[in-house]
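Peer 1: Need coordinates for the following:
(2 chains)
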Amino acid sequence: DAKTTQPNSMESNEEEPVHLPCNHSTISGTDYIHWYRQLPSQGPEYVIHGLTSNVNNRMASLAIAEDRKSSTLILHRATLRDAAVYYCILRDPLNNNDMRFGAGTRLTVKP
Amino acid sequence: GAVVSQHPSWVICKSGTSVKIECRSLDFQATTMFWYRQFPKQSLMLMATSNEGSKATYEQGVEKDKFLINHASLTLSTLTVTSAHPEDSSFYICSAVRGISSYNSPLHFGNGTRLTVT
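Peer 2: Coordinates of the predicted model:
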């Protein structure tokens, strides 16, 4: 059972920033926030993860709300190759260290 | 780094036969591997958690005698779909966590196996 809520779909224009929201109001103190994306007919790909502080890597940025009840994945300049389903997942290393996926957000990037 | 190889990428089999899918971590040791199933236009559904050297933990509703999981080494887990039926046709995906202290590690996924049962 997914513990996160994401919009079903979002659209973006190429070369514009994209902010993908995720609500996780029941997050526990030990839950890490993970983001993965899945292109058609492929396995998911790791994007980024964090606990409390905002995180940046070469793919994206993760902004985590101060109360940790929500987070936002930021793609700074969307490209056509960023069109995918993006999954926001909570992972608790102390309890049942598994990963269950919700429905995710299907991102469409328009040229 | 952190490559997970899944084989085969697709397979077609006849109803009643068994199919084995392999998941290998190529450049790291994976104490834990996860197996997922994904139907068209749906999200991934966790089937089982596989720990090296011990029995897999199956999710509710997943038949352990039908979906046999073996994790005999730190780099290989296999999923065998026994007596496959058309309703088992799906996209099967494995993932692996690097290392023993994996609590803060991302999952690395294979590219999936498309199973079609005729």
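
Peer 1: in its sheet, what does the strand or helix carrying residue B:37 sit against?
Peer 2: Using DSSP states H and E, residue B:37 falls within strand B:32-38. If you go by DSSP bridges, strand B:32-38 pairs up with strand B:45-51 (antiparallel), strand B:90-97 (antiparallel).

Peer 1: How much space separates residue A:84 from residue A:38?
Peer 2: Residue A:84 is 6 Å from residue A:38, where distance means C-beta to C-beta, to the nearest Å. In short, each C-beta sits where N, CA and C put it, glycine included.

Peer 1: and for the two, which residues touch both?
Peer 2: Common contacts of residue A:84 and residue A:38 (C-beta atoms under 8 Å, 6 or more residues apart in numbering or on different chains): none found.

Peer 1: Is the residue in chain A that chain B sits nearest to in a helix, a strand, or coil?
Peer 2: Here the residue of chain A nearest chain B is residue A:93; by C-beta to the nearest C-beta that distance is 2.8 Å. Following DSSP: H, G, I helix; E, B strand; the rest coil, we place residue A:93 in the coil state.

Peer 1: Can you get me a residue count around residue A:28?
Peer 2: By the criterion of other C-beta atoms under 10 Å in any protein chain shown, residue A:28 has 12 neighbours.

Peer 1: Quick check: closest non-adjacent residue to it.
Peer 2: residue A:92 (6.3 Å; C-beta to C-beta, 6 or more residues apart in numbering or on different chains).

Peer 1: interface residues of chain A facing chain B?
Peer 2: A:32, A:34, A:36, A:38, A:41-46, A:49, A:85, A:87, A:93-94, A:97-104 (C-beta under 8 Å from any C-beta of the partner chain).

Peer 1: Mark which of the residues you listed are buried, thanks.
Peer 2: With burial judged by 16 or more other C-beta atoms under 10 Å in any protein chain shown, the buried subset of those is A:32, A:34, A:36, A:38, A:43-46, A:49, A:85, A:87, A:98-102, A:104.
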